[in-house]
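[1] Could you work out the structure for the sequence below:
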Amino acid sequence: MATNQERLDWRRDYAGPEFLKEGFRPLFMAAGIWAALAAPLWVALWTGVISYDGAFAPQVWHIHEMMFGFIAAAVGGFTLTAVPN
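    Sure, this is the predicted structure:
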């Protein structure tokens, strides 16, 4: 089992992409991208520009995507910000 100092040294010596250096960065970016894509899609569904023949009503789809898409990514990103500390 690694000591705390060894873990810190590993984090300092990380040579991968800067984007992946911290665990929260990809999740926050995914939450932002999904919010930017889902909002116009939702408006198009709500106004009838796009037809949706899914098993659920568009309102239910919206609730599902907000709870399990956007909120999950944001909470995961926020949780991972505390990992290095």
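[2] From the chain's centroid, how far away is the helix or strand hosting Val43?
    Element membership for Val43 (DSSP states H and E) is helix 24-47. Counting by Cα atoms, centre = their mean, to the nearest Å, helix 24-47 is centred 10 Å from the centre of its parent chain.
[3] Please name every helix or strand in contact with that helix.
    helix 58-65, helix 71-81 (3 or more Cβ pairs under 8 Å, 6 or more residues apart in numbering; DSSP states H and E). C-beta coordinates here come from the backbone N, C-alpha and C atoms, glycine included.
[4] Of these, which is nearest Thr3?
    Closest to Thr3 of the helices and strands packed on helix 24-47, according to Cβ to Cβ: helix 71-81, at 21.8 Å.
[5] Rounded mean pLDDT for the helix holding Val43, please.
    The pLDDT scores in helix 24-47 average 81.
[6] re earlier: which one of the helices and strands packed on helix 24-47 has the poorest average confidence?
    Mean pLDDT, when computed for each of the helices and strands packed on helix 24-47, is lowest for helix 71-81, at a mean of 76.
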